[in-house]
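[1] sequence plus predicted model, see below.
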Amino acid sequence: RRSWAEPWKIKMVEPLRVTTREERERALAEAGYNTFLLRSEDVYIDLLTDSGTNAMSDRQWAAIMLGDEAYAGSRNFYRLEATIQQYYGYRYVVPTHQGRGAEHLISRAAIRPGQYVPGNMYFTTTRLHQELAGGIFVDVIIDEAHDPQSLHPFKGNVDLDKLEALIRREGAQNIAYVSLAGTVNMAGGQPVSMANVRAVRSLCDRYGVRIFLDATRMIENAFFIQEREEGYANRSIAEILKEFCSYTDGAWMSAKKDALVNIGGWLAVNDAELFDELRNLVVVYEGLHTYGGLAGRDMEAMAVGIEESVQDDYIRARIGQVRYLGELLTDWDIPIVQPVGGHAIFLDARRFYPHIPQREFPAQTLAAELYLDSGIRSMERGIASAGRDPKTGDHYYPKLELTRLTIPRRVYTQAHMDVVAEAVKAVYDARAQTRGLRMVYEPKYLRFFQARFERL
Ligand SMILES: Cc1ncc(COP(=O)(O)O)c(/C=N/[C@@H](Cc2ccccc2)C(=O)O)c1O
């Protein structure tokens, strides 16, 4: 088998600054041991997120020059609308400034206070907007998703028995919609199979329950279907994407991931009445219905990004790079979530630091130690991110205590992945001497973004 390289070459570079250990000690102390509070200039390889950090192509940069900045009816909106209709298949499109904007609108328009929102594992902003709209999130993902060592090929799947039990217990009229994410970020970027979404569709049709898709990383999900699911090996990514979406009633997307732009999001539905309400809400919270908080140039770049994101050779290279890093780590027996997901390597902080109890924030500790060793920034995806149960006020205690190494699209080279793996190994080799953290400042909403910690 011959080696295989990315289907693009680099035309512009952005210099990186290597820092010293003492510079990083000072920067991290100022950031309250929270990688979200670090300055970008103090970060060497930035694996905090794949959101908005992806490299645009020359054609996307060219699209920036084609911005039609008319307040109403921008040419760029109609191009974006047509592109979403073509590739995702939905009828009505509403642009938003980013994913959160779309989550806010769909939650307000489609949830009545007290209704239940079953979903395949929670995502922080998605659940928060559902709760702010009075919804009650219920996790209906298969049990394997909560087991970092389970090799189930589609850990994002919905457990149909859990879903049907909820519908029968609460009554279909008390289910706002099924909130389906493909891939599932908090489970480790794990995909949903076509068979599962088809089965969820037929179950929901029996009870008259809607399904809305978080399509943020749906192209990566399509790749796993092409690679792992019977009957899809010879289907293109674009065909798989469109079929999957056809089993849902609408979708929201943070275009800052799959669509390769630095800002942007959209919401799309097939129901005309729901669209009317969304189209009206968008002018209250995001901007006119033909720009939704975006400049015309951003919408044009997003349309080009969508067209590039469905190219089979591009997505194979993208997933291949994540897998390459995963293999380096598993060769050293470093515990990560398996199977390797679409957008990141998730270090299993519970197995990495078995001596640090979850209340001392092992995943946050691991992100801090990795930054100190090498200037590599990662993100906590454990108890700090899980937040507090609104009913009891106590922390949620998630089974998954993970530190995410999130790989931006078309940004870093294989050499950077080698450096990352060696840094993780250095931290792993020193793990016995590492102590946990205590939280010294806790904000009310989505605390992980701005919380501050100190060493124990
Ligand atoms: C599956 C899914 N659905 C919606 C959104 C919101 O989209 P947006 O509002 O950011 O555009 C996101 C954003 N995910 C980013 C950024 C982030 C956001 C909250 C907490 C931590 C990190 C990440 O995972 O790094 C997502 O992953």
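    Perfect, thanks for sending it. Numbers count the residues shown, from 1 in each chain.

[2] for the rest of this, base every contact and every neighbour count on C-alpha atoms.
    Noted.

[3] in the stretch 151-300 of the chain, what residue lies closest to the ligand?
    Residue of the stretch 151-300 of the chain nearest the ligand, by C-alpha to the nearest ligand atom: Ser254 (4.1 Å).

[4] bridging residues for that residue?
    Counting by DSSP bridges, Ser254 forms beta bridges with Gly265.

[5] what's it in contact with, if anything?
    98-100, 215-216, 264-266 (C-alpha atoms under 8 Å, 6 or more residues apart in numbering).

[6] those residues: which ones sit near the ligand?
    Near the ligand, judged by C-alpha under 6 Å from any ligand atom, the entries from those are 98-100, 216.

[7] in helices only, show me those residues.
    Within the ones next to the ligand among the contacts of Ser254, membership in helices is found for 99-100, as judged by DSSP state H.

[8] want to throw the ones next to the ligand among the contacts of Ser254 into CSV with pLDDT and neighbour count?
    Listed next are those as CSV, based on pLDDT from 0 to 100; neighbours: other C-alpha atoms under 10 Å:
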residue, pLDDT, neighbour count
Gln98, 98, 25
Gly99, 98, 26
Arg100, 98, 19
Thr216, 98, 26
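
[9] picking that back up, what is the nearest of the contacts of Ser254 to Gly296?
    Gly264 (10.9 Å; C-alpha to C-alpha).

[10] now that closest one. Nearest residue, chain neighbours left out?
    Gln98 (4.3 Å; C-alpha to C-alpha, 6 or more residues apart in numbering).

[11] my guess is that neighbour contacts Leu267, does it?
    No - using C-alpha atoms under 8 Å, Gln98 is not in contact with Leu267, being 9.8 Å away.

[12] and for those two, which residues touch both?
    Taking C-alpha under 8 Å, 6+ apart as the criterion, Gln98 and Leu267 both touch Met253.

[13] I figured Thr53 hits Thr406, correct?
    No - between Thr53 and Thr406 there is no contact under C-alpha under 8 Å: 10.1 Å.

[14] mind listing what Ala255 touches?
    With C-alpha under 8 Å, 6+ apart, Ala255 has these contacts: 98-99, 216, 261, 263-266, 302.

[15] again with Gly375
    18-19, 24, 42-45.

[16] interface residues of this structure facing the ligand?
    Close to the ligand, as judged by C-alpha under 6 Å from any ligand atom, the chain has residues 49-51, 98-100, 124-125, 185, 216, 254, 256.

[17] burial count for Asp161?
    Burial of Asp161 is recorded as 12 neighbouring residues (other C-alpha atoms under 10 Å).

[18] same deal with the one 4 residues further on?
    Using other C-alpha under 10 Å, Ala165 has 12 other residues around it.

[19] name the element it belongs to?
    helix 160-170 (DSSP states H and E).

[20] so what touches the following helix or strand past that helix?
    From helix 160-170 onward toward the C-terminus, using DSSP H and E, the following helix or strand is strand 178-181. Contacts with strand 178-181, where a contact means C-alpha under 8 Å, 6+ apart, come from 117-120, 156, 192, 209-216.

[21] just stretch 89-101 next, same as before
    If you take C-alpha under 8 Å, 6+ apart as the criterion, stretch 89-101 is touched by 77, 81, 84-85, 102, 125-126, 216, 242, 245-246, 249-250, 252-256, 263-272, 275, 278-279, 282, 285-286, 289-294.

[22] please repeat the previous calculation with a cut-off of 7 Å.
    Stretch 89-101 has contacts (C-alpha atoms under 7 Å, 6 or more residues apart in numbering) with 81, 85, 102, 125, 242, 245-246, 250, 252-255, 263-270, 275, 279, 286, 289-294.

[23] returning to what we had before: between the contacts of Ala255, which sits nearest Ala145?
    Of these, the one sitting nearest to Ala145 (C-alpha to C-alpha) turns out to be Thr216, at 18.7 Å.

[24] quick one: contacts for the residue lying closest to the closest one once chain neighbours are set aside?
    Nearest non-adjacent residue to Thr216, counting by C-alpha to C-alpha, 6+ apart: Met253, 4.5 Å away. By C-alpha under 7 Å, 6+ apart, the contact set of Met253 is 99, 214-216, 265-267.

[25] mind listing what Ala384 touches?
    Counted by C-alpha under 7 Å, 6+ apart, Ala384 has contacts 361, 448.

[26] are we agreed that Gln130 is in a helix?
    Yes - assessed with DSSP: H, G, I helix; E, B strand; the rest coil, Gln130 lies in a helix.

[27] surely it meets Ala109?
    No - contact between Gln130 and Ala109 fails when scored by C-alpha atoms under 7 Å: they sit 10.5 Å apart.

[28] residues in contact with the helix holding Ala165?
    Around helix 160-170, the neighbours that count as contacts under C-alpha under 7 Å, 6+ apart are 140, 175, 200.

[29] relative to Tyr285, how far out is the first one?
    It stands for Val140. 31 Å (C-alpha to C-alpha, to the nearest Å).

[30] who's more crowded, these two?
    More crowded of Val140 and Tyr285, by other C-alpha under 10 Å: Val140, with 26 against 15.

[31] all strands for the stretch 101-250 of the chain, in order.
    Counting by DSSP state E, counting those that start in this stretch, the stretch 101-250 of the chain has these strands, from start to end: 116-119, 136-139, 178-181, 211-214, 250-254.

[32] give me the sheet partners of the fourth one and which way each runs.
    When sheet partners are counted by DSSP bridges, strand 211-214 sits next to strand 178-181 (parallel), strand 250-254 (parallel).

[33] make CSV out of these and add mean pLDDT.
    Formatted as CSV, the strands paired with strand 211-214 follow (pLDDT from 0 to 100):
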stretch, mean pLDDT
strand 178-181, 98
strand 250-254, 98
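
[34] can you show me the CA trace of stretch 210-224 as PDB?
    This file holds the C-alpha atoms of stretch 210-224, laid out as PDB (Å, rounded to 0.1, in the frame of the first residue of the first chain):
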ATOM      1  CA  ARG A 210     -40.000  15.400  14.400                       C
ATOM      2  CA  ILE A 211     -36.300  14.900  13.900                       C
ATOM      3  CA  PHE A 212     -33.800  17.800  13.700                       C
ATOM      4  CA  LEU A 213     -30.200  17.200  12.800                       C
ATOM      5  CA  ASP A 214     -27.100  18.900  14.200                       C
ATOM      6  CA  ALA A 215     -25.200  18.800  10.800                       C
ATOM      7  CA  THR A 216     -22.000  20.500  12.200                       C
ATOM      8  CA  ARG A 217     -19.700  17.500  11.300                       C
ATOM      9  CA  MET A 218     -22.100  15.500   9.100                       C
ATOM     10  CA  ILE A 219     -19.500  15.300   6.300                       C
ATOM     11  CA  GLU A 220     -17.200  13.300   8.700                       C
ATOM     12  CA  ASN A 221     -20.200  11.200   9.600                       C
ATOM     13  CA  ALA A 222     -20.800  10.500   5.900                       C
ATOM     14  CA  PHE A 223     -17.200   9.300   5.600                       C
ATOM     15  CA  PHE A 224     -17.600   6.700   8.300                       C
END
